[in-house]
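Asker: The sequence and its predicted three-dimensional model are supplied below.
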Amino acid sequence: MRHCTKTIIIALLIAIPTLTFAQKSYKFGHLNSEEILKSLPDMDSVQTKMQKYVKDLQDGLETMQVEYNKKLEEYVKGKETMVDLVKQGKEKELQTMQQNIQEYQENAQQKMQQRQVELMQPVRDKVKKAISDIGKEQGFTYIFDTVTGSLAYFSSESQDVTELVKQKLNVKSTKPAVAAPKK
């Protein structure tokens, strides 16, 4: 009898927390971050600034290449009449210019990536705050990004909160926002 009572008590101690845990409901949602970002008016400004930055870098490269081509043309035209010491100096100058152009191209690529990150950060922060606000206001436990996440499956019961985030950001939507059900 005593053994049976112990067994029942142990079973209850194990079952009660499990039942309590099972009663807690979790609310999951998903969104499409690309769709949200594309719909933001801020992206036009980012794109315009980025295009201007790329153009400035390209103009700098073009200036260097024009200068190199002029020097190369001068060298080719006067090569036969140059003294060896002058010829070597011109060749060294052309090699240095080629190296500078190559370094400029490599640095320009890095600078473009840095500038892109720099311009996008405030936009990403704004979207992140809106997602966080929606999560808190609507009682979500998790919201998954179907674009950047490694989510391979989501239930039909998962709510798409893309439209709610757009609404929070005051962005016109192509679809009507569906309010998440309250608990």
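Answerer: Now that the structure is in, tell me what you want to look at. Residues are numbered from 1 along each chain as shown.
Asker: where do the strands sit along the protein?
Answerer: Along the chain, counting by DSSP state E, strands occupy 28-31, 142-145, 159-160.
Asker: With mean pLDDT as added columns, please give those strands in CSV.
Answerer: What follows is the strands of the chain, written out as CSV (pLDDT from 0 to 100):
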stretch, mean pLDDT
strand 28-31, 84
strand 142-145, 82
strand 159-160, 77
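Asker: could you dump those to TSV with distance to residue 70 and mean neighbour count?
Answerer: In short, each C-beta sits where N, CA and C put it, glycine included. Shown next, in TSV, are those (distance: least, C-beta to C-beta, whole Å; neighbours: other C-beta atoms under 10 Å):
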stretch	distance to residue 70	mean neighbour count
strand 28-31	54	20
strand 142-145	51	17
strand 159-160	59	20
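Asker: In CSV, list those strands along with distance to residue 69.
Answerer: Compiled in CSV, the strands of the chain are given as follows (distance: least, C-beta to C-beta, whole Å):
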stretch, distance to residue 69
strand 28-31, 51
strand 142-145, 48
strand 159-160, 55
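Asker: Show me the helices in the protein, by range?
Answerer: Secondary structure of the chain by DSSP state H: the helices cover 2-23, 33-39, 42-78, 84-138, 162-168.
Asker: Residue 149 is nearest to which of those helices?
Answerer: In terms of C-beta to C-beta, the element of the helices of the chain nearest to residue 149 is helix 33-39, at 9.1 Å.
Asker: quick one: which of the strands of the chain is nearest residue 120?
Answerer: strand 142-145 (15.2 Å).
Asker: Just the CA atoms from that closest one would do, formatted as PDB, please.
Answerer: Taking C-alpha atoms only, strand 142-145 is exported to PDB below (Å, rounded to 0.1, in the frame of the first residue of the first chain):
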ATOM      1  CA  TYR A 142       7.500  34.000 -32.000                       C
ATOM      2  CA  ILE A 143       7.400  35.700 -35.300                       C
ATOM      3  CA  PHE A 144       9.500  34.100 -38.000                       C
ATOM      4  CA  ASP A 145      10.900  35.800 -41.100                       C
END
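Asker: from the chain's centre, how far out does it sit?
Answerer: Offset of strand 142-145 from its chain centre (C-alpha atoms, centre = their mean, to the nearest Å): 16 Å.
Asker: who does it pair up with?
Answerer: strand 28-31 (parallel) (DSSP bridges).
Asker: quick one: least confident helix or strand in the chain?
Answerer: helix 2-23 (a mean of 49; mean pLDDT, DSSP states H and E).
Asker: coming back round to it: and the helices of the chain, which one is worst for confidence?
Answerer: The stretch with the lowest mean pLDDT among the helices of the chain is helix 2-23, at a mean of 49.
Asker: Show me the contact partners of stretch 80-94.
Answerer: For stretch 80-94, contacts defined as C-beta atoms under 8 Å, 6 or more residues apart in numbering pick out 68, 71, 72, 74, 75, 79.
Asker: Just the CA trace of it, in PDB.
Answerer: What follows is stretch 80-94, C-alpha atoms only, in PDB (Å, rounded to 0.1, in the frame of the first residue of the first chain):
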ATOM      1  CA  GLU A  80      61.200  54.900 -79.800                       C
ATOM      2  CA  THR A  81      62.800  58.300 -79.200                       C
ATOM      3  CA  MET A  82      63.100  58.000 -75.400                       C
ATOM      4  CA  VAL A  83      66.300  57.500 -73.600                       C
ATOM      5  CA  ASP A  84      66.300  54.200 -71.700                       C
ATOM      6  CA  LEU A  85      66.300  55.900 -68.300                       C
ATOM      7  CA  VAL A  86      63.200  58.000 -69.200                       C
ATOM      8  CA  LYS A  87      61.500  55.000 -70.800                       C
ATOM      9  CA  GLN A  88      62.000  53.000 -67.500                       C
ATOM     10  CA  GLY A  89      60.600  55.900 -65.500                       C
ATOM     11  CA  LYS A  90      57.500  56.100 -67.700                       C
ATOM     12  CA  GLU A  91      57.000  52.300 -67.500                       C
ATOM     13  CA  LYS A  92      57.300  52.400 -63.700                       C
ATOM     14  CA  GLU A  93      54.800  55.300 -63.600                       C
ATOM     15  CA  LEU A  94      52.400  53.300 -65.800                       C
END
